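[1] Here you go, sequence then predicted model.
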Amino acid sequence: MATQSSLTLSSATFAKLSPHPYLLANLQPAEAGTPSSRTNGRQPTQARPPAINTSSLAHAHGSAVVRTGDTTVICGVRGETLGTAQIPNYRRRGAAGDETDGSTDELRDYDLLVPNIELATGCAPDFLPGVPPTALAQTLSTRIYSLLHSTGLLDVEDLRIYHDRTRDGADEDMRDARMAAEEEDVVVEEDLDIPAREVRAYWVLYIDLLFISLDGNPFDAAWAAVLAALRDTKLPRAHWDADREAAVCSRGDPAAPLSVSGFPVACTAAVFTARERLKQSQSRKVPGEAGGSFWILVDPDRLEESLCDETVTVVVDRSAAAGGDGGDTKILGISKSGGTVVGPEVLRRFVGVAEARWKEFKNAF
């Protein structure tokens, strides 16, 4: 006859056999005095503390390693020069520095920011090395790309490389134009329409992210790594050499850091619903009420993500550069997928959780 101890299942075995009832049992304990907790020991609104290290890569212009729990991602920023002659449909800037048509968003139109995420590193059982990019990797890259532009994080002026004719004295075009003007007895230099300083190239920032380990919530960690790496990036001083027809970097001049505007932080949560209990007591419980049928799990791990159909991400910034004064909150982005649980009221409360998450990342930098 089997003993009592031989029939007892460990927590790890119970989680593998019945993950949903296991998580539900932790979030909705039988005893009324027992607080609700997740299988990882955290409270529903408690996130994993971030750890951030910068300047981790020697051969990148900027880099950072971000770890939240068992999710670790490394980001490297590498700058390469791109001449305006190589940009399709490039619109030359006028003498006053403005665009000739006044409608160009240089960062987006010229693809000066190129993020790429690599998950096929063995970081999780679902992402084996050597496989093609997954849908998740492409989705994360697209979201990072969109957020880089929508937040206005970078100033395109930091990426412009100028040809300074006053530095060269006068280039061949200027000399020819002056000679032609003198032959026609025209000495008004404004009519030549040749600016003394002109954009001839740009820095293109390749933002590569590599996941070392993945235990849920990849977007928040990836965005924090991008933000930390960009704040760590320093580009060499460069100018356009008319004789070489190329951008030339000055070794003697110190590298210049990027002007990063604001401090946007992403906060993601997953919605866990008690589906089995809803079937038994659907007439008695109303979703969203006290003691109800769903929980907002902030910074979900891999197990929680596999059991949740609805996620929401809020990007907030409380820095003065974003228009706040340390007390005001600027919402820079909201994205939601799946489910119908998160409504305006739940989302309003979740913004408060995102504000607390912003403080955690701010203190970690």
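    Sure, I can see it. What you see is a predicted model; the values in this text were computed from it and never measured.
[2] buried sites along the top strand by length along the chain?
    The residue-count maximum for a strand in the chain (DSSP state E) belongs to strand 197-213. Buried residues in strand 197-213, counted by 16 or more other Cβ atoms under 10 Å: 198-205, 207-211. Every residue, glycine included, has its C-beta placed from N, CA and C.
[3] and if you look at stretch 66-77?
    V66, R67, T68, G69, D70, T71, T72, V73, I74, C75, G76, V77.
[4] Please compute how far it lies from its chain's middle.
    Averaged C-alpha coordinates place stretch 66-77 at 12 Å from its chain's average position (Cα atoms, centre = their mean, to the nearest Å).
[5] Span of it from start to end?
    End-to-end span of stretch 66-77 (Cα to Cα, to the nearest Å): 14 Å.
[6] before we move on, back to that, partner strands of the longest strand of the chain, with direction?
    Using DSSP bridges, strand 197-213 pairs in its sheet with strand 71-83 (antiparallel), strand 113-118 (parallel), strand 160-164 (antiparallel).
[7] quick one: low-confidence parts of the stretch 1-150 of the chain?
    By pLDDT under 70, the weakly predicted segments of the stretch 1-150 of the chain are 1-7, 9, 11-12, 14-15, 30, 93-104.
[8] Please tabulate the buried residues of strand 197-213 in JSON lines and include distance to S55 and pLDDT as additional columns.
    Formatted as JSON lines, these follow (distance: Cβ to Cβ, whole Å; pLDDT from 0 to 100):
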{"residue": "E198", "distance to S55": "34", "pLDDT": "87"}
{"residue": "V199", "distance to S55": "30", "pLDDT": "90"}
{"residue": "R200", "distance to S55": "30", "pLDDT": "91"}
{"residue": "A201", "distance to S55": "26", "pLDDT": "92"}
{"residue": "Y202", "distance to S55": "24", "pLDDT": "95"}
{"residue": "W203", "distance to S55": "19", "pLDDT": "95"}
{"residue": "V204", "distance to S55": "21", "pLDDT": "97"}
{"residue": "L205", "distance to S55": "16", "pLDDT": "97"}
{"residue": "I207", "distance to S55": "16", "pLDDT": "98"}
{"residue": "D208", "distance to S55": "16", "pLDDT": "97"}
{"residue": "L209", "distance to S55": "16", "pLDDT": "97"}
{"residue": "L210", "distance to S55": "16", "pLDDT": "96"}
{"residue": "F211", "distance to S55": "20", "pLDDT": "96"}
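[9] how about the longest strand of the chain as CSV, C-alpha atoms only?
    C-alpha atoms of strand 197-213 as CSV (Å, rounded to 0.1, in the frame of the first residue of the first chain):
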residue,chain,number,x,y,z
ARG,A,197,27.7,74.4,-44.6
GLU,A,198,25.9,71.5,-46.2
VAL,A,199,24.8,68.0,-45.0
ARG,A,200,26.7,65.4,-47.1
ALA,A,201,26.4,62.3,-45.0
TYR,A,202,24.6,60.8,-41.9
TRP,A,203,25.4,58.4,-39.2
VAL,A,204,23.3,55.2,-39.3
LEU,A,205,22.8,53.6,-36.0
TYR,A,206,22.5,49.8,-36.1
ILE,A,207,20.9,48.7,-32.8
ASP,A,208,21.5,45.0,-32.3
LEU,A,209,19.9,43.1,-29.4
LEU,A,210,20.8,39.6,-28.3
PHE,A,211,18.9,37.7,-25.8
ILE,A,212,21.1,35.6,-23.5
SER,A,213,18.2,34.2,-21.5
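[10] ok, which stretches of the stretch 101-250 of the chain are helices?
    When secondary structure is read from DSSP state H, counting those that start in this stretch, the stretch 101-250 of the chain shows helices at 106-109, 135-150, 165-168, 172-183, 218-232.
[11] got the angle for the longest one vs strand 71-83?
    Regarding helix 135-150 and strand 71-83, their directions subtend 60 degrees when assessed with axes from the mean of the first three to the mean of the last three Cα atoms, to 10 degrees.
[12] Helix 135-150 packs against which elements?
    Judged by 3 or more Cβ pairs under 8 Å, 6 or more residues apart in numbering; DSSP states H and E, the packing partners of helix 135-150 are helix 106-109, strand 113-118, strand 197-213, helix 218-232, strand 330-337.
[13] can you list contacts of the longest helix anywhere in the chain?
    Using DSSP state H, we find that the single longest helix of the chain is helix 344-364. The contact list for helix 344-364 (Cβ atoms under 8 Å, 6 or more residues apart in numbering) reads 45, 47, 49-52, 224, 263, 265, 267, 269, 288, 296, 298-299, 312, 314-319, 329, 331, 334, 342.
[14] One more: stretch 145-162?
    Contacts for stretch 145-162 (Cβ under 8 Å, 6+ apart): 81, 105-108, 112-113, 115, 197-205, 207, 223, 226-227, 230, 235, 238-240, 247, 256, 258-262, 264, 266, 315, 317, 332-333.
[15] Only whichever of those are buried, select them in PyMOL.
    To isolate the buried members of the contacts of stretch 145-162 in PyMOL, using 16+ other Cβ under 10 Å:
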select buried, resi 81+106+107+112+113+115+198+199+200+201+202+203+204+205+207+223+226+227+230+235+238+239+240+247+258+260+262+264+266+315+317+332+333
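[16] Any stretches of the stretch 201-350 of the chain with poor pLDDT?
    Residue ranges of the stretch 201-350 of the chain with pLDDT under 70: 275-292, 321-327.
[17] separation between the residue nearest the centre of the chain and P125?
    Residue closest to the average C-alpha location in the chain (Cα atoms, centre = their mean): W223, at 2.9 Å. Counting by Cβ to Cβ, to the nearest Å, the gap from W223 to P125 is 24 Å.
[18] P49 too?
    For P49, the distance to P125 - Cβ to Cβ - is 25 Å.
[19] can you pull the buried residues of stretch 334-352?
    Neighbour counts over stretch 334-352 (16+ other Cβ under 10 Å) mark V341, V342, F350 as buried.
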